[in-house]
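K.L.:
with the input below, show me the fold.
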Amino acid sequence: MPTELINGFGEVYLTIDYDATGPWVYNNWIGPQTYTGIISGADACLHPLREHECAYLLNDNRQVVGHWDHAVEWIISNWAPRATAQGLTHFANVISQEELAAISAEAMRVGLSNRLQMRMFGTIEEAQAWLREAHQQATQG
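P.N.:
Numbering: from 1, shown residues only. Presented below is the predicted three-dimensional model:
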């Protein structure tokens with residue numbers, strides 16, 4: 001059952017779900033993102049990562065509108081160390097076609113490059129294929 005986070009306007013801005021067939025935690029971010037919302041959402045996705053001992057995160061930003069670079073430094077310095085400490089190794093980020101959101105995603109990718117394997121994708125299928133391949137390599141070797 002997905003977790004839904006609601007913003008101050010009563011709208012869902014993030015759904016979080018564990019996909020055992022992946023296996024990965026799937027974050028679907030929706031609409032404009034506030035600093036507080038990003039912190040709450042990023043922290044909320046740590047629970048299913050830990051609960052399922054999951055090393056893979058599929059972060060879907062296709063529906064994000066506007067920039068969210070106001071939270072990039074917090075993600076890099078606060079969230080990422082906690083996520084990697086509990087086992088996150090691969091972060092697939094499906095970027096928004098909206099230019100400001102894509103710029104924020106690139107800033108995050110650069111900041112996280114020495115902490116974990118993160119790649120940005122234009123389609124969800126490409127991101128899923130990369131995570132599946134990473135999981136297969138980890139389980140075979």
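K.L.:
for the chain, what spans make up the helices?
P.N.:
Along the chain, the segments classed as helices by DSSP state H run 35-51, 72-74, 80-85, 99-112, 124-140.
K.L.:
what packs against the shortest one?
P.N.:
Think helix 72-74. helix 35-51, helix 99-112 (3 or more Cβ pairs under 8 Å, 6 or more residues apart in numbering; DSSP states H and E). C-betas here are computed from N, CA, C, even on glycine.
K.L.:
dump those helices into TSV; add distance to V12, mean pLDDT and mean neighbour count as well.
P.N.:
Output for these, formatted as TSV (distance: least, Cβ to Cβ, whole Å; pLDDT from 0 to 100; neighbours: other Cβ atoms under 10 Å):
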stretch	distance to V12	mean pLDDT	mean neighbour count
helix 35-51	11	97	17
helix 99-112	17	79	18
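K.L.:
these: which one's closest to D69?
P.N.:
helix 99-112 (4.3 Å; Cβ to Cβ).
K.L.:
correct me if wrong: Y18 contacts C54.
P.N.:
Yes. The pair Y18 and C54 passes the contact test of Cβ atoms under 8 Å, sitting 6.8 Å apart.
K.L.:
separation between the closest residue to M108 other than its chain neighbours and Y26?
P.N.:
Of all residues not flanking M108 in the chain, V72 sits nearest, at 5.0 Å (Cβ to Cβ, 6 or more residues apart in numbering). As defined by Cβ to Cβ, to the nearest Å, V72 lies at a distance of 21 Å from Y26.
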